[in-house]
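1. Need the 3D shape of this:
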Amino acid sequence: MPPEALASLAAVPPHSAPLHLAVGMFDGVHRGHQAVIQRAVAAVRAYGGTAGVLTFWPHPSVVLRPAAPTRVMQDPAAKAEVLRGLGVQLILTEPFSAEIGEVEAGQFVSWLRARLPGLAGLYVGENFRFGRGRRGDAALLAQTGREAGIAVVVAPPVLWQGAPVSSTRIRTLLAAGEMAAVAGMLGRPYASQGLVMTGKRLGRTLGFPTLNLIWSPPAAPRFGVYAVRVSDANGRTRPGVANYGLRPTVEQATEPRLEVHVFGDCPWTDGKVLSVDWERFLRPEQAFPNVAALRAQIQQDCAAARAVLGLPPA
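-> This next block holds a predicted model:
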């Protein structure tokens, strides 16, 4: 089956079989998630069928505890891009609702089987919880799966620096600007995708023109300056330095903005969708007494970013 993203379980063809399905929120698609998904992909390579992922949007916490929802790192499109790179053929993004939240844990497998008659295997992490009140665990899933004739594979936690990799842990490090640690647990650099928009061209007047990207994730990195790499869908990549924050020296903004100064020639203009790999946090965002001081600091930032990225001095 060619890679595709389906809106929901209702869109699955009725005779799709056999389906090996990894289930979870998979926010960030970190190394622990990858261990689960790779087992589903490996089963398909060994036995045939389709490797799928069932995830949810919005995050269940938005429905179950709206006063304090989980701040996620990825939207469905960004998540799907990473999943396809892992060999996932079928991506199901199910709208999470109160009705789904009320499915009893003991009925979860039959609820899935009714919507996915070709379901052959379920793949989850050791800490997977499901069903009303999150009462279901991996042991119950294995029991109810066995009763339904569905294989259940439970992947153990993946450790990084002595502790399990988790989305919660990554969000905490992201907010601290610890990009090397974030990359270590993701298994790749932290990346963001955004549409280039016309800005106020203040960077151009400073001698450092920037790409201004529309991007506003619920779980965001620390405000500050970063060494980055920018790329497009055609594989073109450029190194650069980025500022993410409120730009206190030049305006009193209320919404953060991602601005990237590309080293060398910049092949992109407004309207392009670009991906930014955040390689290293360089310094916190700060206000400067005047534009001259800001310009001098940007020069230092460029030099620091070039060193991090292994580039010769300008």
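
2. Pull out the buried positions in stretch 173-191.
-> Neighbour-count burial for stretch 173-191, counted by 16 or more other CB atoms under 10 Å, picks out 173-174, 177-179, 181-191. For every residue, glycine as well, the C-beta is placed using N, CA and C.

3. Tell me which two in the residues you listed are the farthest apart.
-> Using CB to CB, the two most remote members of these are Gly177 and Gly187, lying 19.2 Å apart.

4. so where do the strands sit in the stretch 101-250 of the chain?
-> 119-125, 151-155, 159-160, 163-164, 190-197, 211-214, 224-231, 237-245 (DSSP state E, counting those that start in this stretch).

5. Out of these, which gets nearest to Glu279?
-> Of all those, strand 224-231 comes closest under CB to CB, at 4.7 Å.

6. Residues touching that closest one, excluding its own?
-> 177, 179, 189, 211, 237-245, 260, 262, 268, 274-285, 301, 304-305, 308-309 (CB atoms under 8 Å, 6 or more residues apart in numbering).

7. my read is Leu83 is in a helix, agree?
-> Yes: counting by DSSP: H, G, I helix; E, B strand; the rest coil, Leu83 falls inside a helix.

8. In contact with it, which residues?
-> Counted by CB under 8 Å, 6+ apart, Leu83 has contacts Phe26, Val29, Ile37, Val53, Ile91.

9. Closest to Leu119 out of those?
-> Val53 (13.1 Å).

10. Where does the closest one sit, in terms of helix or strand?
-> strand 50-57 (DSSP states H and E).

11. again, but for Ile100
-> Per DSSP H and E: helix 98-101 holds Ile100.

12. now that helix: how far from the chain's centre is it?
-> Centroid displacement of helix 98-101 relative to its chain, using CA atoms, centre = their mean, to the nearest Å, is 24 Å.

13. what packs against it?
-> With contacts defined as 3 or more CB pairs under 8 Å, 6 or more residues apart in numbering; DSSP states H and E, the packing partners of helix 98-101 are helix 60-64.

14. For the helix it packs on, buried residues please.
-> Neighbour count says helix 60-64 has Pro60, Ser61, Val63 buried, by 16+ other CB under 10 Å.

15. Save those as JSON lines, and put in distance to Val230 and pLDDT too.
-> Formatted as JSON lines, the buried residues of helix 60-64 follow (distance: CB to CB, whole Å; pLDDT from 0 to 100):
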{"residue": "Pro60", "distance to Val230": "34", "pLDDT": "95"}
{"residue": "Ser61", "distance to Val230": "32", "pLDDT": "96"}
{"residue": "Val63", "distance to Val230": "36", "pLDDT": "95"}
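
16. Present the residues you listed as JSON lines; the columns should include distance to Leu122.
-> Shown next, in JSON lines, are the buried residues of helix 60-64 (distance: CB to CB, whole Å):
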{"residue": "Pro60", "distance to Leu122": "18"}
{"residue": "Ser61", "distance to Leu122": "22"}
{"residue": "Val63", "distance to Leu122": "23"}
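
17. Out of those residues, which is nearest to Thr205?
-> Ser61 (43.6 Å).
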